[in-house]
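Trainee: Sequence first, predicted model second:
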Amino acid sequence: MRRDKHAKIVATLGPASDDRATIRALFDAGADVFRLNFSHGRHEDHRRRLEIVRGIEAEVGRPIGVLLDLQGPKLRIGSFADGAVALVEGQPFKLDLDATAPGSIDRVALPHPEIFAALETGTELLLDDGRLRLRVERFGGDFAETVVLVGGTLSDRKGVNVPGVVLPLSALTDKDRADLAFGLSLGVDWVALSFVQRPEDIVEVRALVGERAAIVAKLEKPAAIASLDAIVAEADAVMVARGDLGVEMQAAQVPSIQKRIVGACRRAGKPVIVATQMLESMVSAPVPTRAEASDVATAIYEGADAVMLSAESASGRWPVQAVRMMSSIVAQTEADPHYRAAIDASRGEPRALAADAVGLAMRHVTGLLQAVATVAYTSSGYSALRMARERPAAPILGMTPRLQTARRLALVWGVHAVLCHEVESVAEMSELACRTTRTEGFGLAGQTVVISAGMPFGASGTTNLLRIAQVA
């Protein structure tokens, strides 16, 4: 089943997309990867949805990726005696560790000693997704005396953000560890880590995951942006989590941060997902706003590997229509002649490595010979990733003998993943590549394909071969 687009679509599953018919319709409409959001739902719900996805995968004969999204730490205040208080600008307000005493107009519990340990005089605290803002005037190990900068109604258990501060806190909670173990037992392909602040957070989760899944770093905190290149280098992919970024940073900064993250991932050859509120109005309406359509198109022009739907496909009234609309926007954007110019202009310089040299040559040869497809024969997915980094004009067939690799490649720009048998020679690989190009609908007899691989076969990260062949 060939897609008419290069960028991929990640669709979140939830109550609105809970049955087999709807999930199949989401796939048919253009979803390439399904997200299981472990901030919501029971383990049994996620198990059932994943089993449905695997059944559809077997039915259509196309690898489908599954992404487990961990909730991460949730920092919240305690409760109030009357359920809520109205804070006004300029008033003092205290936060402390006393969770036994109900909150009042003067104070409330903040049961997170890690926050107090990281405070400095002048630190700003954001409450309720940034609707209220406090400035720290005096603090200790178990309290913070603040003044209200932006007031409003503050009710029970609202969230707390501490922008610009690296909190001494693991990105993995006990709940995350249990969810991770469960998801890995199901065989998820990608694990998205929330609350990433530094590269060490990726190292911590990789020690638990090993080779069983690839890791997506969700960038939603200013501290992560400060360590952007190091985090990109450590992760297997990155998500631009614009919702929380827009809370901890000024909204006007988010577009430039998005562009910076996408650029860093493009240079590194790592997949990047742009997420949050892309078609938000389609939660309740059958069509998006013009601004939302432009938002999706902007991510595509920048060269994002994937765009993601959250509530639109998980709990909205129009889940299938949302995927279909996003697929249409992606396809039409990629058909714009300015798209290719934008992609070429944003390509980073290759490194002095064999894999990058092969990728660069592949792109030039593909354009010169008008090849109908580029073929990456890959065990680990590395050759396909280096091809995708170059954003060639022709589709990429990611041929692999490993189902796990094929499913992971479902997230990667331009890659049509195909499961195949192990090959033992270059001649056998070339014949298989040409036959697959024809059977998958990418080329006809006599047309040219460009093939990359690593020798010896099966060794990860050894892309060192470029071959030109004609479809028989």
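Mentor: It's in. Residues are numbered from 1 along each chain as shown.
Trainee: going forward, measure contacts between C-alpha atoms and count neighbours the same way
Mentor: Noted.
Trainee: How much space separates Ser227 from Ser170?
Mentor: 16 Å (Cα to Cα, to the nearest Å).
Trainee: Actually, Ser313.
Mentor: 30 Å.
Trainee: Looking at those two now, which is surrounded by more residues?
Mentor: Ser313 (30 against 15; other Cα atoms under 10 Å).
Trainee: how does this protein divide into domains?
Mentor: 8-72+171-336, 84-161, 354-470 (automatic domain parsing).
Trainee: Endpoints of the second one, how far apart?
Mentor: Right, the one you point to is domain 84-161. Domain 84-161 has its terminal residues 19 Å apart, counting by Cα to Cα.
Trainee: Where does the prediction get shaky in the protein?
Mentor: 1, 458, 461 (pLDDT under 70).
Trainee: wait, Leu95 sits on Val108?
Mentor: Yes. Taking Cα atoms under 8 Å as the definition, Leu95 is a contact partner of Val108 at 5.3 Å.
Trainee: before we move on, back to that, would you mind saying which of the domains of the chain lies nearest Gly348?
Mentor: domain 8-72+171-336 (4.8 Å; Cα to Cα).
Trainee: which residues does Gln197 contact?
Mentor: Val166, Ala171, Lys221, Pro222, Ala223, Ala224, Ser227 (Cα atoms under 8 Å, 6 or more residues apart in numbering).
Trainee: Let's see which of these end up in strands.
Mentor: Judged by DSSP state E, strands contain none of the contacts of Gln197.
Trainee: residues contacting the residue nearest to Ile115 when sequence neighbours are not counted?
Mentor: Spatial nearest neighbour of Ile115, chain neighbours left out: Leu167 (6.4 Å); criterion: Cα to Cα, 6 or more residues apart in numbering. Contacts for Leu167 were tallied using Cα under 8 Å, 6+ apart; they are Glu114, Ile115, Ala118.
Trainee: Next, give phi and psi for Leu167.
Mentor: Backbone dihedrals for Leu167, given as degrees, to the nearest 10, come out at phi -80, psi 140.
Trainee: Give me the distance between it and Leu75.
Mentor: 11 Å.
Trainee: go on, Asp229?
Mentor: 27 Å.
Trainee: what do you get for Ile202?
Mentor: If you measure Ile202 against Leu75 using Cα to Cα, the figure is 20 Å.
Trainee: Have a look at the two and say which one is more surrounded.
Mentor: Ile202 (21 against 17).
Trainee: Distance check, the more buried one against Ala181.
Mentor: For Ile202, the distance to Ala181 - Cα to Cα - is 16 Å.
Trainee: which ones are touching Leu403?
Mentor: Listed by Cα under 8 Å, 6+ apart, the contact set of Leu403 reads Pro63, Leu419.
Trainee: Just to check, Ala311 is in contact with Thr12?
Mentor: Yes. Using Cα under 8 Å, Ala311 is in contact with Thr12, at 7.3 Å.
Trainee: So for the two, which sits in the more crowded spot?
Mentor: Neighbour count, other Cα under 10 Å: between Ala311 and Thr12, Thr12 has more, with 26 against 23.
Trainee: what helix or strand is that one on?
Mentor: strand 8-13 (DSSP states H and E).
Trainee: ok, and what's touching that strand?
Mentor: 23, 26, 30-37, 49, 305-311, 313-314, 323, 326-327, 410-414.
Trainee: go on, stretch 348-362?
Mentor: Residues external to stretch 348-362 that are found in contact with it (Cα under 8 Å, 6+ apart): 263, 266-267, 374, 383, 386-387, 389-390, 450-452, 461-466.
Trainee: Contacts only, for the residue lying closest to Asp156 once chain neighbours are set aside.
Mentor: Computed as Cα to Cα, 6+ apart, the closest residue to Asp156 that is not its neighbour in sequence is Ser79, at 4.3 Å. The neighbourhood of Ser79, defined by Cα under 8 Å, 6+ apart, consists of Pro102, Gly103, Val108, Ala109, Ser155, Asp156, Arg157.
Trainee: Distance of Asp229 relative to Leu353?
Mentor: Here the criterion is Cα to Cα. By it, Asp229 lies 19 Å from Leu353.
Trainee: of those two, who's got more company?
Mentor: Neighbours per residue (other Cα under 10 Å) separate Asp229 from Leu353, with Asp229 holding more: 16 against 11.
Trainee: if I look at that one, how far off is Pro163?
Mentor: 20 Å.
Trainee: what do you get for Met399?
Mentor: Distance from Met399 to Pro163, by Cα to Cα: 44 Å.
Trainee: And Phe182, by the same measure?
Mentor: Going from Phe182 to Pro163 by Cα to Cα gives 32 Å.
Trainee: Mind checking which of those two has more residues around it?
Mentor: Pro163 (18 against 15).
Trainee: How about that one, nearest residue that isn't a chain neighbour?
Mentor: Pro163 sits nearest to Glu248 (Cα to Cα, 6+ apart), 5.0 Å away.
Trainee: contacting residues for that neighbour?
Mentor: Leu126, Gly130, Asn161, Val162, Pro163, Gly164, Lys221, Pro222.
Trainee: Out of the residues you listed, which end up buried?
Mentor: Applying 16 or more other Cα atoms under 10 Å to the contacts of Glu248, the neighbour count classes Leu126, Gly130, Asn161, Val162, Pro163, Gly164, Lys221, Pro222 as buried.
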